[in-house]
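What would the 3D arrangement of this be:
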Amino acid sequence: MNEIILIKNGELALKGLNRRSFEEALSRNIQKAAAPCGPVKVFCSQSTMYVTPLEYADIDEVTERVSRVFGIAALSRAAEVEKNMDQILPAVCEYLRDELESADTFKVNAKRADKKFPLKSPEICVAAGEYILNKFPHLSVDVHEPDLTVTIEIRDAAAYIHKQPIRGAGGLPVGTGGRACVMISGGIDSPVASWMMAKRGLELSAVNFASPPYTSRRAEDKVRSLLEKVARWSGDIRLHIVPFTEIQEAIRDYCPEDMLTVIMRRYMIKIAEIIARKDGALALVSGESVGQVASQTLRALQCTDAAADMPVLRPVIGMDKEEIVSIARKIDTFDISILPYEDCCTVFTPKHPKTKPILEKVIQAEKALECAEVNVNAMIERAVNGTVAEVVKPR
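Residues are numbered from 1 along each chain as shown. Prediction:
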């Protein structure tokens, strides 16, 4: 009896003429996710994807890794047997023995995709139910709320036996929606925003701004750890560490204090966009949520967006902190995010930041740098040229 993984594609079923490209991307992502466990064979038929571990591949670990691949609505570990009731019925009791012994009630669900199979779905259910009751007399049938649902699928190549499916990660396969560059901090919100954009099929790059000696190496390590968690779902993430001290000190020294945060964010946007374009990204991603802090009012967001030519995506924009924290716990980034290592966003924070900045006045305030004979373009160029890039892998 061979054990495989059956995958339901979810949103992919709604795609039209380009559905094949989505399925191919999903297949590649499954193989990449499962690669550390050993080789797997992946193919698609009848709106279902089949994953067969080969050689020494550990199906327990393969299942865990595949469950985090975006584009999968549900997955089931299943026994693959010949399309013959003499083979199917004993296999049900053998493959699901532990579950059948521990349950009190059960029902059988049959799906006959191969219409040439001699028994119809209700007849398969009756035959399997009688067989199971004979083998496990302690059981009783409950078609409404059973402890265990035994599913028998009759497909073109074989019959498949499994219990209730596991919920998948949902969304769309990473790589089908283009690339975006995440402005990643060490906080709670930006890793969640990264995960949400990967779920919509986007490949991710990331930009982090470092301000030594005001920020430490441990703050950078914290960002790497956060991206390692996100990468378990998104795949590899190219991280760019940008030296931001010179620009941040110039803003502190020459710009009005109440506008420090919004001006700092504008320069981050400008630099991130340059790096994003070099990386082939079509948008920036930020973890801002309306009204959460002074720099995230609509007026402030308008001022920062005006510094960019490419779209700035904010997937958590309408979420409250409790909702964001819930996702952070789900993807295992929360405990890392609350570690007490400061990022550059908390450096030189004004006591009374402007919550409703006017774009024209912000631009006028930025001109204080030019009046002080600070070569802004040269500072930006030095920051971009001083950026250190690395690839963060899942962990």
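
Which of the three states applies to residue 213?
Here residue 213 is recorded as coil under DSSP: H, G, I helix; E, B strand; the rest coil.

tally of neighbours for it?
The local packing of residue 213 (other Cβ atoms under 10 Å) involves 6 other residues. In short, each C-beta sits where N, CA and C put it, glycine included.

Quick one: residues in contact with stretch 138-157.
Contacts of stretch 138-157 from elsewhere in the structure, counted by Cβ atoms under 8 Å, 6 or more residues apart in numbering, are 6, 45-46, 48, 76, 78, 83, 88, 92, 96, 99-100, 103-114, 117, 124-125, 128-129, 132-133, 159-164.

Send me it as PDB with only the CA atoms.
The C-alpha coordinates for stretch 138-157 follow below in PDB (Å, rounded to 0.1, in the frame of the first residue of the first chain):
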ATOM      1  CA  HIS A 138     -17.800  -1.000  19.000                       C
ATOM      2  CA  LEU A 139     -18.400   1.600  16.300                       C
ATOM      3  CA  SER A 140     -21.800   3.100  15.400                       C
ATOM      4  CA  VAL A 141     -22.700   5.200  12.300                       C
ATOM      5  CA  ASP A 142     -23.300   9.000  12.800                       C
ATOM      6  CA  VAL A 143     -23.800  10.800   9.500                       C
ATOM      7  CA  HIS A 144     -24.200  14.200  11.100                       C
ATOM      8  CA  GLU A 145     -21.300  14.600  13.600                       C
ATOM      9  CA  PRO A 146     -19.100  11.600  13.400                       C
ATOM     10  CA  ASP A 147     -15.800  11.300  15.300                       C
ATOM     11  CA  LEU A 148     -14.200  10.000  12.100                       C
ATOM     12  CA  THR A 149     -15.100  10.500   8.400                       C
ATOM     13  CA  VAL A 150     -13.600   7.800   6.200                       C
ATOM     14  CA  THR A 151     -13.300   9.100   2.600                       C
ATOM     15  CA  ILE A 152     -12.900   6.800  -0.400                       C
ATOM     16  CA  GLU A 153     -12.100   8.500  -3.700                       C
ATOM     17  CA  ILE A 154     -12.300   6.600  -7.000                       C
ATOM     18  CA  ARG A 155     -10.100   8.300  -9.500                       C
ATOM     19  CA  ASP A 156      -8.600   7.500 -12.900                       C
ATOM     20  CA  ALA A 157      -5.400   5.900 -11.800                       C
END
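
Identify each buried residue in it, please.
Of the residues in stretch 138-157, those buried by neighbour count under the rule 16 or more other Cβ atoms under 10 Å are 139, 146, 148-155.

Find the residue ranges of this structure scoring beneath the pLDDT cut-off.
Applying pLDDT under 70 to the predicted model, the residue ranges of the chain that meet it are 294.

measure the residue nearest to residue 84 when sequence neighbours are not counted to residue 146 for me?
For residue 84, ignoring the flanking residues on the chain, the nearest one in space by Cβ to Cβ, 6 or more residues apart in numbering is residue 159 at 7.8 Å. Here the distance between residue 159 and residue 146 works out to 21 Å (Cβ to Cβ, to the nearest Å).

returning to what we had before: give me the buried subset of the contacts of stretch 138-157.
Looking at those with 16+ other Cβ under 10 Å, the buried ones turn out to be 6, 48, 76, 78, 83, 88, 92, 96, 100, 103, 106-110, 112, 117, 124-125, 128-129, 132, 159-163.

From these, which land in helices?
Taking DSSP state H, the ones among the buried ones among the contacts of stretch 138-157 that sit in helices are 88, 92, 100, 124-125, 128-129, 132.

Can you tell me what sits against the longest strand belonging to the chain?
The longest strand of the chain (DSSP state E) is strand 72-81. With contact meaning Cβ under 8 Å, 6+ apart, strand 72-81 is reached by 1-11, 26, 49, 59, 63, 66-67, 87-88, 91, 94-95, 151, 153, 158-170.

Could you turn the buried ones of those residues into a ChimeraX selection?
Buried residues within these, by 16+ other Cβ under 10 Å, are selected in ChimeraX with:
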select :4,5,6,7,8,9,10,11,26,49,59,63,66,67,88,91,95,151,153,158,159,160,161,162,163,165,166,168,169
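
Just the ones of the contacts of strand 72-81 in strands?
Per DSSP E, these map to strands at 2-8, 49, 151, 153, 159-162, 166-170.

re the thing from before, using PDB, write down the CA coordinates of the longest strand of the chain.
Coordinates of the C-alpha atoms in strand 72-81 are reproduced here as PDB (Å, rounded to 0.1, in the frame of the first residue of the first chain):
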ATOM      1  CA  ILE A  72      -3.300  24.900  -1.200                       C
ATOM      2  CA  ALA A  73      -6.900  24.900   0.300                       C
ATOM      3  CA  ALA A  74      -6.600  21.400   1.900                       C
ATOM      4  CA  LEU A  75      -4.500  18.300   1.900                       C
ATOM      5  CA  SER A  76      -4.900  14.700   3.000                       C
ATOM      6  CA  ARG A  77      -2.500  11.900   3.500                       C
ATOM      7  CA  ALA A  78      -4.000   8.900   1.700                       C
ATOM      8  CA  ALA A  79      -3.500   5.300   0.900                       C
ATOM      9  CA  GLU A  80      -3.300   4.500  -2.800                       C
ATOM     10  CA  VAL A  81      -4.800   1.100  -3.800                       C
END
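
relative to strand 2-8, how tilted is it?
Taking axes from the mean of the first three to the mean of the last three Cα atoms, to 10 degrees, one finds that strand 72-81 is oriented at 150 degrees with respect to strand 2-8.
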